[in-house]
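Enquirer: Sequence below, structure please.
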Amino acid sequence: MPNMQRLGHNIKFSSSESQDYRLYLRAGIMLGRVGRHVRARDVLAKGLQISPEDIDLQYNYALACAMSANNREAVEMTRKIIIVGDESKDDTHGRLEEID
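Expert: The predicted structure follows:
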């Protein structure tokens, strides 16, 4: 088991792994769980560069921002999540009407 105090100091992925946003998501969540919120925010931001529309990355990034006292960024990301959520409801509703 890795030393939890050192978690996040040297997060590195191979070149093939570095394009998998899920690794950044998992690392960011783990960093947040051990209280490394600034580092979690930075790691999650890298994941968002790869997959900017991933709701799990967005949510955890907003949480890490809030926990690291970056309230403005937390609010901006939360608004983005809410707006996208509202749009997806409208889109799903439209597709269901088409099926009927």
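Enquirer: Does residue 65 touch residue 74 like I think?
Expert: Yes. Counting by Cβ atoms under 8 Å, a contact exists between residue 65 and residue 74, whose distance comes to 3.8 Å. All C-beta atoms are positioned from the backbone trio N, CA, C, and that covers glycine.
Enquirer: Can you show me the helices along the protein?
Expert: Using DSSP state H, the helices assigned to the chain run over residues 21-33, 37-50, 55-67, 71-99.
Enquirer: Put together JSON lines for those, with mean neighbour count on each row.
Expert: What follows is the helices of the chain, written out as JSON lines (neighbours: other Cβ atoms under 10 Å):
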{"stretch": "helix 21-33", "mean neighbour count": "20"}
{"stretch": "helix 37-50", "mean neighbour count": "20"}
{"stretch": "helix 55-67", "mean neighbour count": "21"}
{"stretch": "helix 71-99", "mean neighbour count": "11"}
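Enquirer: for residue 57, what are its contacts?
Expert: Under the criterion of Cβ atoms under 8 Å, 6 or more residues apart in numbering, the contact list for residue 57 reads 21, 24-25, 28, 44, 47-48, 51.
Enquirer: Just flag the most distant two among those.
Expert: Using Cβ to Cβ, the pair of the contacts of residue 57 lying farthest apart is 28 and 51, separated by 12.5 Å.
Enquirer: okay, residue 57: pLDDT?
Expert: pLDDT, the model's per-residue confidence, is 96 for residue 57.
Enquirer: Could you do residue 9 as well?
Expert: pLDDT, residue 9: 55.
Enquirer: ok, residue 65 - contacts?
Expert: Under the criterion of Cβ under 8 Å, 6+ apart, the neighbours of residue 65 are 41, 71, 73-74, 77.
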